[in-house]
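> sequence plus predicted model, see below.
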Amino acid sequence: MNPLPLVTGVVLAGGASSRMGTCKARVLLNGKPMIGYVTDVLSAVTDTIMVISNTDDFADLPYPVYPDVFRGCGPLGGIHSALTHTTTEINVVVSCDMPFVTSHIIRVLLDAQASTMVTVPVHNGNTEPLCGIYSRRAATTIEKLLQRQQWKMMDALKILTTTYVDVSSIGIADHCFTNINTPGELQKYDRPSTHFQGEN
């Protein structure tokens, strides 16, 4: 399917990567930087992509890079920055350490979005807020949360109007929302025989 013109793809890459010991978005997974898996998936649904990061690690990428407006607030701060800089109402947000997310999942979420501020998947009973659709309208509410030092993603979903989409039955891999945060987790999946975005 063709990319959607009124959608922005957002890669969250602003974390300290303290558990990985180096920029985890740049570490190679089966010979490819983890951020490359995410940008490939986003490129399948939109031509407009941005990276949210507080470092200079991504200056060579062909995408604009924006820092957090509110530093030290975790992923919610990164989402706020994205919604502050975006020019589209619909924004697909994916964390850089989720290399197994597929464009099929993204399109299911896009098809399911309603008039709510957020649309997130639920897989095997687990809510995955770092792979979701965020409306630009959510920026003001998120900013108020950050100003009150309310940084937890799950708490934010309860305050924002949120659509939860159960994707457990659409035939995706069990590890599709796995976060790779440590060298041990990287080693577990760093095998040429592992299938990644093969499931569209």
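Nice, I can see it. Numbers count the residues shown, from 1 in each chain.
> would you map the strands across this structure?
In the chain, strands defined by DSSP state E lie at 7-12, 28-29, 32-33, 48-52, 65-66, 90-95, 118-123, 126-127, 131-135, 162-166, listed in chain order.
> any idea which of these scores lowest on pLDDT?
Across the strands of the chain, strand 28-29 has the smallest mean pLDDT, namely a mean of 88.
> list the pairing partners of that one within its sheet, with orientation.
Sheet pairing of strand 28-29 (DSSP bridges) gives strand 32-33 (antiparallel).
> for L110, which of the strands of the chain is the nearest?
strand 131-135 (6.4 Å; CB to CB). In short, each C-beta sits where N, CA and C put it, glycine included.
> relative to that closest one, what are the paired strands and their orientations?
Here, using DSSP bridges, strand 131-135 pairs with strand 90-95 (antiparallel), strand 118-123 (antiparallel).
> neighbouring contacts of the first one?
I take that to be strand 90-95. 4, 6-12, 38, 41-42, 45-46, 75, 79, 82-83, 101, 106, 109-110, 113, 130-136, 179 (CB atoms under 8 Å, 6 or more residues apart in numbering).
> in ChimeraX, select just the buried ones from the residues you listed.
In ChimeraX, this line selects whichever of these come out buried by 16 or more other CB atoms under 10 Å:
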select :4,7,8,9,10,11,12,38,41,42,45,46,75,79,82,83,101,106,109,110,113,130,131,132,133,134,135,136
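> distance check, R26 against I49.
Distance of R26 to I49, computed by CB to CB, to the nearest Å: 17 Å.
> could you do I105 as well?
Taking CB to CB, one finds I105 at 17 Å from I49.
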